[in-house]
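Q: give me coordinates for this.
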Amino acid sequence: MLFKDVLQLVGHLNYTWTNTESLLIYLIAGLAKTDKETAIIIFLTLNTTKARIELVERLAKMSKTKSEDRKAVLELTSRLSRQARLRNKYTHCIYSFDQTGTRASTQLMRVVESKDAVRYGKVEALDDPEMMRISASIAAIQGINKDIWTLVEAKNFPH
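A: All right, here's what the predicted structure looks like:
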């Protein structure tokens, strides 16, 4: 795997993710029954993906939300959360390449603490199967993007 190929694929993953995460603004606006500008302020005030998704889920779970809307939103946020794991892995790691620039690996920037030891920096190969996993995640996030837009338009949420 070439250095430029890895960076291009991870860049595509991050672009697709950011574009799709921003659609939570429209779910916030619709579920909170507010305007887009207010929803943007709320979205930007929450500084993590997890917090944004939790807000959307909590709004969906309110008693005033129709059950079919609740189910649709929770299904979307569940799918988005599953994809967040892989995106987070590749956003919060260090990339390494051999001298030829063809063998890539990642080193996770996470501390794992047990009762009597501390470990950090798990190293994993960035091989063809892993690149396929990233590509599949991009496709899944693109599908979530389309499904959020479909819901936003069907429910006439502000956009």
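
Q: quick one: the helices in the protein, in order.
A: Applying DSSP state H to the chain gives helices spanning 3-21, 24-32, 36-45, 49-60, 67-91, 128-154.

Q: will you turn those into TSV that also has mean neighbour count and distance to residue 105?
A: For the C-beta atoms, the positions are set from N, CA and C on the backbone; glycine is no exception. As requested, these are exported to TSV (neighbours: other C-beta atoms under 10 Å; distance: least, C-beta to C-beta, whole Å):
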stretch	mean neighbour count	distance to residue 105
helix 3-21	16	10
helix 24-32	23	32
helix 36-45	15	35
helix 49-60	18	25
helix 67-91	17	12
helix 128-154	15	10
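
Q: just tell me which of these ends up closest to residue 122.
A: helix 67-91 (10.1 Å; C-beta to C-beta).

Q: residue contacts, residue 27?
A: 56, 59, 60, 73, 76, 148, 151, 152, 157 (C-beta atoms under 8 Å, 6 or more residues apart in numbering).

Q: same deal with residue 5?
A: Residue 5 neighbours (C-beta under 8 Å, 6+ apart): residue 131.

Q: could you measure it against residue 95, distance?
A: 12 Å (C-beta to C-beta, to the nearest Å).

Q: once you drop chain neighbours, what's closest to residue 43?
A: What sits nearest to residue 43 in space, not counting adjacent residues and going by C-beta to C-beta, 6 or more residues apart in numbering, is residue 25, at 4.8 Å.

Q: how about the contacts made by the one you found?
A: Residue 25 sits next to 36, 39, 40, 43 when contact means C-beta under 8 Å, 6+ apart.

Q: parallel or antiparallel, list what pairs with the worst-scoring helix or strand of the chain on mean pLDDT.
A: Lowest on mean pLDDT, DSSP states H and E among the helices and strands of the chain sits strand 104-108, with a mean of 79. Here strand 104-108 is paired, per DSSP bridges, with strand 93-97 (antiparallel), strand 123-125 (antiparallel).

Q: noted, bye for now.
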